[in-house]
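Novice: Generate a structure from the sequence data that follows.
(chains A, B, C and D)
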There are 4 protein chains.
Amino acid sequence: MAIIVTSKAKLSRHAQRSRITRAQFDRIVARGLPLAPYLGLTLQSVGAGKAVARLAGRPELLRPGGTIAGPALMALADFTLYAVVLSVIGPVEGAVTTSLTMNFLRRSAPGMVIAEGRMIKCGKRLAYGEVTLYSKSDADPVAHATATYSVPPSPGS
Amino acid sequence: MAIIVTSKAKLSRHAQRSRITRAQFDRIVARGLPLAPYLGLTLQSVGAGKAVARLAGRPELLRPGGTIAGPALMALADFTLYAVVLSVIGPVEGAVTTSLTMNFLRRSAPGMVIAEGRMIKCGKRLAYGEVTLYSKSDADPVAHATATYSVPPSPGS
Amino acid sequence: MAIIVTSKAKLSRHAQRSRITRAQFDRIVARGLPLAPYLGLTLQSVGAGKAVARLAGRPELLRPGGTIAGPALMALADFTLYAVVLSVIGPVEGAVTTSLTMNFLRRSAPGMVIAEGRMIKCGKRLAYGEVTLYSKSDADPVAHATATYSVPPSPGS
Amino acid sequence: MAIIVTSKAKLSRHAQRSRITRAQFDRIVARGLPLAPYLGLTLQSVGAGKAVARLAGRPELLRPGGTIAGPALMALADFTLYAVVLSVIGPVEGAVTTSLTMNFLRRSAPGMVIAEGRMIKCGKRLAYGEVTLYSKSDADPVAHATATYSVPPSPGS
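Specialist: Predicted coordinates for the structure are as follows:
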């Protein structure tokens, strides 16, 4: 199982502990991301180089047929990876998304969507991670995204 | 100027006229995309294989520093290309985004964002297009996206 | 460790065994992909929904500075995921790449590059997977790609 | 025709003339990209923020069914956009691809493939462009890519 062993190895290269707490992240969101509460985005947990977040799946986000609107899922993916990035670089301002590729894999069921994100590479200028989205009732993912974030220069570097 | 000549040639391969009007598109949005009015998305014009839409850029979409939140721009890109797809296949239900790649090119200024979308290829099962986003005050684009849409089978085919 | 548990769960949803052997894959390559031997691409192992392949990293693929040319790495990513797809759908002809997003994460060292691919979702018409590339001497990935493949209709379906 | 007018406006923002000639680009390729002559890649023309290149489409690049192997088309896309980037920043060393998203739109016919690339945004650190690929015999594109390049710091900046 080279894939899983390698992933463990890589995770261990990040800091042992997250450099941001859930409470700190919640404050950053409350201060600067009003879109998050509107859509019903919340952070569930954050670790070193990983995070789990969810989208409440409110009725106003449904499209005809009962599937959740794509932009709401893209917002969830971006929100989750933002927490992943801050778990590695800390609660600094100025990290912004530079690109995001989203693949919609199946129609999401109505209701909550869970996103599991992880860092793949955090360099000095760019951080790159992936996130997988699941409908609560199903083990098959509904979507998968990769994204790159611009990392602000760290003080003193 | 081979690039522009080729684009003209390609556009001429689509139907001469849009298969959807702005009023028809507005009704589809009013019926099934409540996220659009919340974000302030409106279609400005639609032609055969192309569309222009805008995001009002409301204060609640701003991030610290005055730039518009990335997910709102991704929603605008998806909204614009959805109109582009319907301009070619008509007002049928069931066209859904299968993938979208967004590149953020510069921080958007506060205020209105304009998106210009065009079809690159419309096949029987998949449609593919691109969209460029501009802040109203600047000629340099703030973002660019490409996306693929699944096209529902046409009746009788 | 929800991420890893989920991955295990998902893998178990594919067939327990690969539907193609390494020898079968090698024959498909020998018959139809002459670019693979030129570049020095070989399959190392294949399982159900996963594969490991490598690029020999010949001197003629190096760019100034000693890094391996990007297109050779993209070819390795595509080659690996092609094996992943055939491990799930079997040695049928007609599976083709419909899109591939490659992220170059660091300059690769000269020498062999290893790619670990896995299926994320295999539907009736489209298969979607990811692949991570490593220089042999380093635990940090040099590149990461996601790609979608068109799956030919299965006989009798 | 807002789309085409805007494109003209944007092109005019780049330097009026290409900062690299075809002969200069050919020398860079001869010195450092041996993969290009193997695949049969040549630059046809280069202007300020745009370039046209071609892939000879040799028999050894064909896949069963007579279509050109995807990695050869990705190499053509990358090659073309590399010329586009150098047309804006000049013949400096160190510009490298950081990401590339390729969409395969139809099976390419055997024979020459033409690629038309253009710059969308050239910033201080990142350049972003798009490229469209055509089989010589057909007006419909066979593939489309977008890519980001890391731009080396300019001397004195």
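Novice: Every contact and neighbour count from this point should use C-alpha atoms.
Specialist: Noted.
Novice: Which residue ranges of chain A form strands?
Specialist: For chain A, the strands defined by DSSP state E occupy A:41-47, A:50-55, A:96-104, A:113-122, A:126-135, A:141-150.
Novice: Is it correct that A:A56 is in contact with A:A115?
Specialist: No - if you go by C-alpha atoms under 8 Å, A:A56 and A:A115 don't touch, sitting 11.5 Å apart.
Novice: More neighbours: these two, which one.
Specialist: Between A:A56 and A:A115, counting by other C-alpha atoms under 10 Å in any protein chain shown, A:A115 is the more crowded of the two (29 against 17).
Novice: from memory A:F104 sits against B:S99, does it?
Specialist: Yes - counting by C-alpha under 8 Å, A:F104 touches B:S99, with 5.8 Å between them.
Novice: ok, the closest residue to chain D within chain A to C:L41 distance?
Specialist: Taking C-alpha to the nearest C-alpha, chain D has its nearest neighbour within chain A at A:T101, 8.9 Å off. According to C-alpha to C-alpha, to the nearest Å, A:T101 and C:L41 sit 27 Å apart.
Novice: ok, back up a step: among the strands of chain A, which comes closest to chain B?
Specialist: strand A:96-104 (4.1 Å).
Novice: dump the residue contacts of the spatially most central residue of chain A.
Specialist: Geometric centre of chain A, nearest residue: A:T80, 1.6 Å, by C-alpha atoms, centre = their mean. By C-alpha atoms under 8 Å, 6 or more residues apart in numbering or on different chains, the residues touching A:T80 are A:43, A:51-53, A:115-117, A:131.
Novice: Of those, which ones also sit close to chain C?
Specialist: Intersecting these with the surroundings of chain C, defined as C-alpha under 8 Å from any C-alpha of the partner chain, gives A:E116.
Novice: now the contacts of A:T80 in JSON lines, with distance to chain B and pLDDT?
Specialist: Converted to JSON lines, the contacts of A:T80 look like this (distance: C-alpha to the nearest C-alpha, whole Å; pLDDT from 0 to 100):
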{"residue": "A:L43", "distance to chain B": "17", "pLDDT": "98"}
{"residue": "A:A51", "distance to chain B": "19", "pLDDT": "98"}
{"residue": "A:V52", "distance to chain B": "18", "pLDDT": "98"}
{"residue": "A:A53", "distance to chain B": "16", "pLDDT": "98"}
{"residue": "A:A115", "distance to chain B": "16", "pLDDT": "98"}
{"residue": "A:E116", "distance to chain B": "18", "pLDDT": "98"}
{"residue": "A:G117", "distance to chain B": "17", "pLDDT": "98"}
{"residue": "A:V131", "distance to chain B": "14", "pLDDT": "98"}
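Novice: so where's chain A shaky on pLDDT?
Specialist: A:1-15, A:155-157 (pLDDT under 70).
Novice: Near chain B, which residues of it? Just list them.
Specialist: Residues of chain A lying close to chain B by C-alpha under 8 Å from any C-alpha are A:32-35, A:60-64, A:69-72, A:74-75, A:78, A:97-105.
Novice: Could you pick out the buried ones from those residues?
Specialist: Among the residues of chain A next to chain B, those classed as buried by 16 or more other C-alpha atoms under 10 Å in any protein chain shown are A:32-35, A:61-63, A:69-72, A:74-75, A:78, A:97-105.
Novice: residues in contact with the closest residue to A:L43 other than its chain neighbours?
Specialist: Excluding the flanking residues, the one nearest A:L43 by C-alpha to C-alpha, 6 or more residues apart in numbering or on different chains is A:A53, at 4.2 Å. A:A53 makes contact with A:41-45, A:76, A:79-80, A:114-116, according to C-alpha under 8 Å, 6+ apart.
Novice: cool, and A:G57?
Specialist: With contact taken as C-alpha under 8 Å, 6+ apart, A:G57 is in contact with A:39-40, A:68, A:110-113.
Novice: and it, how far is that from A:D26?
Specialist: Distance from A:G57 to A:D26, by C-alpha to C-alpha: 19 Å.
Novice: quick one, the longest helix seen in chain A and strand A:113-122 angle?
Specialist: Taking DSSP state H as the criterion, chain A has its longest helix at helix A:70-89. Orientation check (axes from the mean of the first three to the mean of the last three C-alpha atoms, to 10 degrees): helix A:70-89 against strand A:113-122 gives 40 degrees.
Novice: Show me how far helix A:70-89 is from its chain's centre.
Specialist: 3 Å (C-alpha atoms, centre = their mean, to the nearest Å).
Novice: Next, count neighbours for A:Q16.
Specialist: Count around A:Q16 with other C-alpha under 10 Å applied: 12.
Novice: list the contacts for it?
Specialist: Taking C-alpha under 8 Å, 6+ apart, we find A:Q16 in contact with A:A48.
Novice: Assess the claim that A:S18 and A:S87 are in contact.
Specialist: Yes - with contact defined as C-alpha under 8 Å, A:S18 reaches A:S87; the gap is 4.7 Å.
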